[in-house]
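Asks: here's a sequence, model it:
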Amino acid sequence: MVTDPQTACFEAGIKFGSLYHQFAGTPLSLESARSLERAMEESIENQPHCEAVTVEILDDVLEAELADSAADYTELTGRFIEVEMRIEYEDVTVKTRMEMEDGYPLMKLVSVEE
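Replies: So this is what the prediction gives:
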């Protein structure tokens, strides 16, 4: 039997997979960063049990990438974003976060509250 906390954690994983793989490779510039943040948030918030998503595109990392580029845009990867999500399933609230850790965009549980 699957518990409500397990289901809530599964739902969080589904949301992260959708967010990352749907948007990875999207053209990204300093001018499009805010609208892309909103699009990512609103897209994932449409999914069941997702109560809140915050996407932050890291301007300093993006600026550094673009400074060494001949183009004025690059591809979105995990190193440019930090994400927080709140999933609510039944009486369980799951908080999650994605951030770079040792060069990898790590998605992790922050808390599971009943």
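Asks: so what's the residue count around residue 60?
Replies: Residue 60 has 7 neighbouring residues, counting by other Cβ atoms under 10 Å. Using the backbone N, CA and C atoms, a C-beta is placed for each residue, glycine as well.
Asks: and it, helix, strand or coil?
Replies: Look at residue 60: counting by DSSP: H, G, I helix; E, B strand; the rest coil, its state is helix.
Asks: test my guess that residue 63 contacts residue 30.
Replies: Yes: using Cβ atoms under 8 Å, residue 63 makes contact with residue 30 at a distance of 6.8 Å.
Asks: which of those two has more residues huddled nearby?
Replies: Neighbour totals were compared for residue 63 and residue 30, and residue 30 leads with 13 against 10 (other Cβ under 10 Å).
Asks: for that one, give me its contacts.
Replies: Neighbouring residues of residue 30 by Cβ atoms under 8 Å, 6 or more residues apart in numbering: 59, 62-63, 66.
Asks: okay if I get the residues you listed as a markdown table plus distance to residue 91 and pLDDT?
Replies: Formatted as a markdown table, the contacts of residue 30 follow (distance: Cβ to Cβ, whole Å; pLDDT from 0 to 100):
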| residue | distance to residue 91 | pLDDT |
| --- | --- | --- |
| 59 | 38 | 97 |
| 62 | 39 | 97 |
| 63 | 43 | 97 |
| 66 | 45 | 96 |
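Asks: in ChimeraX, how would I select just the buried ones from those residues?
Replies: Entered in ChimeraX, the line below selects the buried ones among the contacts of residue 30, by 16 or more other Cβ atoms under 10 Å:
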select :62,66
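Asks: spatially, which residue comes closest to the residue nearest to the spatial centre of the chain, not counting chain neighbours?
Replies: For the chain, the residue nearest the mean C-alpha position is residue 83 (3.8 Å; Cα atoms, centre = their mean). Excluding the flanking residues, the one nearest residue 83 by Cβ to Cβ, 6 or more residues apart in numbering is residue 98, at 4.2 Å.
Asks: ok, back up a step: alpha carbons only: can I get the helix or strand containing the residue nearest to the centre of the chain in PDB?
Replies: Element membership for residue 83, per DSSP states H and E: strand 81-89. Presented in PDB, the C-alpha positions along strand 81-89 are these (Å, rounded to 0.1, in the frame of the first residue of the first chain):
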ATOM      1  CA  ILE A  81      18.000  28.000 -12.600                       C
ATOM      2  CA  GLU A  82      17.000  27.400  -9.000                       C
ATOM      3  CA  VAL A  83      13.500  26.000  -8.500                       C
ATOM      4  CA  GLU A  84      11.300  25.600  -5.400                       C
ATOM      5  CA  MET A  85       8.000  23.700  -5.400                       C
ATOM      6  CA  ARG A  86       5.200  23.100  -2.900                       C
ATOM      7  CA  ILE A  87       3.000  20.000  -3.600                       C
ATOM      8  CA  GLU A  88      -0.100  19.200  -1.600                       C
ATOM      9  CA  TYR A  89      -1.700  15.800  -1.600                       C
END
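Asks: all set, thanks.
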